[in-house]
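[1] I need the structure of the sequence given here:
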Amino acid sequence: MKRQEVVIYAQTYDLKNDDGKLVQVGEIHILCKKQAITNENGVSNGHKIAQVEVPFEVAQKIIGQVPAVCNIEYEITVVNNALVLLPRNVQVINEIESLNILAETDYISAFG
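    From the prediction side, this is the model:
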């Protein structure tokens, strides 16, 4: 399954597996669909972030290019008797250049 997602963060790191061997892994953070949730304490609104483990090479390939809109190819896998979607390939489509609100405000006011 392939989807377009906004990836806002990517990192690589080393960790020890169950055998005590050092392995390299990656992690990406994906901006999820906008939420409007009502509960007993009130309403929350905004975007949740999914933190997903990915192969080292996948995260390494996009570091320096995120935040960006990406094509993510998911693989369905069974983890603890549950079906889970895991990203196996991430390709950057378009980098997001600036999320600096102050810079955007200055740019807009220059034309006002």
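[2] immediately after the helix or strand hosting residue 73, which helix or strand?
    Here residue 73 sits within strand 68-79, counting by DSSP states H and E. From strand 68-79 onward toward the C-terminus, using DSSP H and E, the following helix or strand is strand 82-95.
[3] And that next one, how far out from the chain middle?
    Its chain's C-alpha centre lies 9 Å from the corresponding centre of strand 82-95 when counted by Cα atoms, centre = their mean, to the nearest Å.
[4] Remind me what it packs against, helices and strands.
    strand 2-16, strand 42-55, helix 56-62, strand 68-79 (3 or more Cβ pairs under 8 Å, 6 or more residues apart in numbering; DSSP states H and E). To be clear about C-beta, it is placed using only N, CA and C from the backbone, and glycine gets the same treatment.
[5] the inter-axis angle of the strand holding residue 73 versus strand 82-95?
    In terms of direction (axes from the mean of the first three to the mean of the last three Cα atoms, to 10 degrees), strand 68-79 departs from strand 82-95 by 170 degrees.
[6] could you give the angle of strand 68-79 to strand 42-55?
    Comparing the axes of strand 68-79 and strand 42-55 via the same axes, to 10 degrees yields an angle of 80 degrees.
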